[in-house]
Structures are given as structure tokens and as C-alpha cells.
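J.: generate a structure from the sequence data that follows.
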Amino acid sequence: MPWTSNDAESHTHKAATSALKELWAKVANASLERTGDEGRAIREANAVIARQAKSS
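T.: Sure thing, here's the model as predicted:
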């Protein structure tokens, strides 16, 4: 089941804006499709959001 932007809140507190939540869902779903590994998809999405939040 693909993730939505609402799912970002339960996986990372750094996705504070709607844009970051949408980005989290996009990255997580792309990673899940590519690897089939939910844990890896969440970690990759969290890493992207952490980098985005740090640069903002």
C-alpha cells in the first residue's frame, strides 16, 4: 500500500510542512517500488527529509 503525506508524521518529526510531507511520501513510495523493502524506503525518505530540513 503506498504511503501518503499523512503517513510522514508517524515516521519523522522533521516533515513539518506539507511540501516536506509530500516529498517524504514520494521518496518512500519510489524507494518501495524500486527495492520492495519497506524499512529501507522509510529510512531513505527520512534521510531526504533530514537533508531538506537542515538546508532550509
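J.: so who does the most centrally placed residue in the chain touch?
T.: The residue lying closest to the centre of the chain (CA atoms, centre = their mean) is Trp24, at 2.5 Å. By CB atoms under 8 Å, 6 or more residues apart in numbering, the contact set of Trp24 is Trp3, Ser5, Asp7, Ala8, His11, Thr12, Ala15, Ala45, Asn46, Val48, Ile49. No exception for glycine: its C-beta is placed from N, CA and C like everyone else's.
J.: could you dump those to CSV with neighbour count and secondary structure?
T.: Putting the contacts of Trp24 into CSV (neighbours: other CB atoms under 10 Å; DSSP: H, G, I helix; E, B strand; the rest coil) gives the following:
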residue, neighbour count, secondary structure
Trp3, 21, coil
Ser5, 16, helix
Asp7, 19, helix
Ala8, 26, helix
His11, 17, helix
Thr12, 20, coil
Ala15, 25, coil
Ala45, 26, helix
Asn46, 18, helix
Val48, 19, helix
Ile49, 23, helix
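J.: make a markdown table from these and add pLDDT to it.
T.: Formatted as a markdown table, the contacts of Trp24 follow (pLDDT from 0 to 100):
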| residue | pLDDT |
| --- | --- |
| Trp3 | 94 |
| Ser5 | 96 |
| Asp7 | 95 |
| Ala8 | 95 |
| His11 | 94 |
| Thr12 | 94 |
| Ala15 | 94 |
| Ala45 | 97 |
| Asn46 | 97 |
| Val48 | 97 |
| Ile49 | 97 |
